[in-house]
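Q: Just the structure for this:
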Amino acid sequence: MTAPVPPPGPLGRVLTAMVTAFHDDGSVDLDGTARIAAHLVDHGNDGVVVSGTTGEAPTTTTEEDGLILRAVVEAVGDRATVVAGVGTNNTAHSVELAEQAQKIGADGVLVVTPYYNKPTQDGVLAHFRAVAAAADLPVMLYDIPGRSGITIAPDTFARAAEDERIVAVKDAVGDLYRGVRIMQETGLAFYSGDDVLNLGWLTHGGAGVVSVVGHVAARQYAEMYDAVARGDLASALTTYQRLVPVVEVVMQRAQGAMTAKAAMQLLGVLDNRNVRLPLVPASDALVEELRTVLTSAGLLEGTSL
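A: Numbers count the residues shown, from 1 in each chain. Modelled structure (predicted):
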């Protein structure tokens, strides 16, 4: 008899940090964005993250963020959690985005550590608390020192967890031992924020994944989650190993928005792979490399550009 699968984390188990579609003139393609969200939920995601870095939020306006979020909520909000990225290095702006997200109907918000400013840990905590207070929604903190320049200290997590609205962490620090200790001490749900460590996090008590590779492999990640939950680590490892070449191309050849949009084009979800500067579209050579690994992994069949 197999062990029962535990319930997913507070915002789902497999969430994809989704790309935002753009028209050829650079304007937001709301129909295309809604189509991406529907495709993701149809193919194994029980949640999506909107307007994160993969969604090119550094280049979108507050108004555009609202339109994007509304399009996604209307497309999939009745069958998946929709988490709005509201993290910036301007607390007032993040508060504005959080208030907007609540009005539109998001199920939660993702708040990255303020980047570039390099505030103290007291400043980081005050930022998180201000955003959490702005909207009565579950908050997922995003710890990614490689981009923000700051790591959230364990004590900051402990103090943040005192706010019942702060419930989860997207971790891209890459230190499993540290994460386990923080989980144990705070009760926060940890989500893998680095596709290469998805299996590692799940085997160390992670609540789920917030993935970019989930654009093409959400079903496989859901299977991996279930396998770990059942104690079937051999099956989980087989799934992980099959996806290693995909993770390498999607996450290490270029910024994830570029490769994920190329994947959406290969799958026929989008008819372009437009991005906004300073990103540039994935090259033809990169698209062909992506086509090869997706085909080899059984994630792409019979498509052509």
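Q: what about the helix or strand of the chain with the lowest mean pLDDT, distance to the chain center?
A: Using mean pLDDT, DSSP states H and E, helix 145-148 stands out as the lowest-scoring helix or strand of the chain, at a mean of 94. Distance of helix 145-148 from the chain centroid (CA atoms, centre = their mean, to the nearest Å) equals 15 Å.
Q: for it, which positions count as buried?
A: Ser148 (16 or more other CB atoms under 10 Å). All C-beta atoms are positioned from the backbone trio N, CA, C, and that covers glycine.
Q: Lys170 sits in which helix or strand?
A: In this assignment (DSSP states H and E), Lys170 forms part of strand 166-171.
Q: what helices or strands is that strand leaning on?
A: Strand 166-171 is packed against strand 139-143, helix 176-186, strand 189-192, with contacts defined by 3 or more CB pairs under 8 Å, 6 or more residues apart in numbering; DSSP states H and E.
Q: Remind me what the last one packs against, helices and strands.
A: Meaning strand 189-192. Applying 3+ CB pairs under 8 Å, 6+ apart, one finds that strand 189-192 contacts strand 166-171, helix 176-186, helix 198-203, strand 208-211.
Q: Packing partners of the helix or strand harbouring Ala234?
A: When elements are assigned from DSSP H and E, Ala234 belongs to helix 233-252. Counting contacts by 3+ CB pairs under 8 Å, 6+ apart, helix 233-252 is packed against helix 198-203, helix 214-230, helix 256-266, helix 284-296.
Q: Can you give the contact residues for the third one?
A: By that I understand helix 256-266. 17-19, 21, 36, 39, 53-56, 212, 215-216, 249-251, 253, 270-275, 279-282, 286-287, 290-291, 294, 300, 303, 305 (CB atoms under 8 Å, 6 or more residues apart in numbering).
Q: Narrow the residues you listed to those that are buried.
A: Looks like the contacts of helix 256-266 have 17-19, 21, 36, 39, 53-56, 212, 215-216, 249-251, 253, 270, 272-275, 279, 281-282, 286-287, 290-291, 294, 300 buried, using 16+ other CB under 10 Å.
Q: so where's this protein shaky on pLDDT?
A: The model of the chain has pLDDT under 70 over residues 1-7, 301-305.
Q: Quick check, central residue of it?
A: Central residue of the chain (CA atoms, centre = their mean): Ala17, 3.0 Å from the mean position.
Q: That residue and Val48, how far apart?
A: Using CB to CB, to the nearest Å, Ala17 is found at 8 Å from Val48.
Q: now do Val72
A: 6 Å.
Q: any shared contact partners between the two?
A: Common neighbours of Val72 and Val48 (criterion: CB under 8 Å, 6+ apart): 18, 37, 82.
Q: of these, closest to Arg178?
A: Met18 (28.0 Å; CB to CB).
Q: which residues touch the closest one?
A: 33, 36-37, 40, 48-50, 54-55, 72, 215, 260.
Q: how does it look with 7 Å?
A: For Met18, the contacting residues are 36-37, 40, 48-50, 54-55, by CB atoms under 7 Å, 6 or more residues apart in numbering.
Q: quick revisit: of the helices and strands packed on helix 233-252, which stretch is the most buried?
A: Neighbour counts (mean count of other CB atoms under 10 Å) averaged over each of those peak at helix 256-266, with a mean of 25.
Q: Output that one as CSV, nothing but the C-alphas.
A: Extracted in CSV, the C-alpha atoms of helix 256-266 (Å, rounded to 0.1, in the frame of the first residue of the first chain):
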residue,chain,number,x,y,z
GLY,A,256,14.6,32.3,-18.6
ALA,A,257,12.1,34.7,-20.2
MET,A,258,14.0,34.3,-23.5
THR,A,259,14.1,30.5,-23.5
ALA,A,260,10.6,30.0,-22.0
LYS,A,261,9.1,32.2,-24.8
ALA,A,262,11.0,30.3,-27.4
ALA,A,263,9.5,27.1,-25.9
MET,A,264,6.1,28.6,-26.0
GLN,A,265,6.6,29.4,-29.7
LEU,A,266,7.9,25.8,-30.4
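Q: Renumber starting at 35 from here on
A: Shifting the count to begin at 35 puts that one at helix 290-300.
Q: Measure how that helix sits relative to helix 318-330, angle-wise.
A: 70 degrees (axes from the mean of the first three to the mean of the last three CA atoms, to 10 degrees).
Q: buried sites along stretch 137-150?
A: 138, 140-149.
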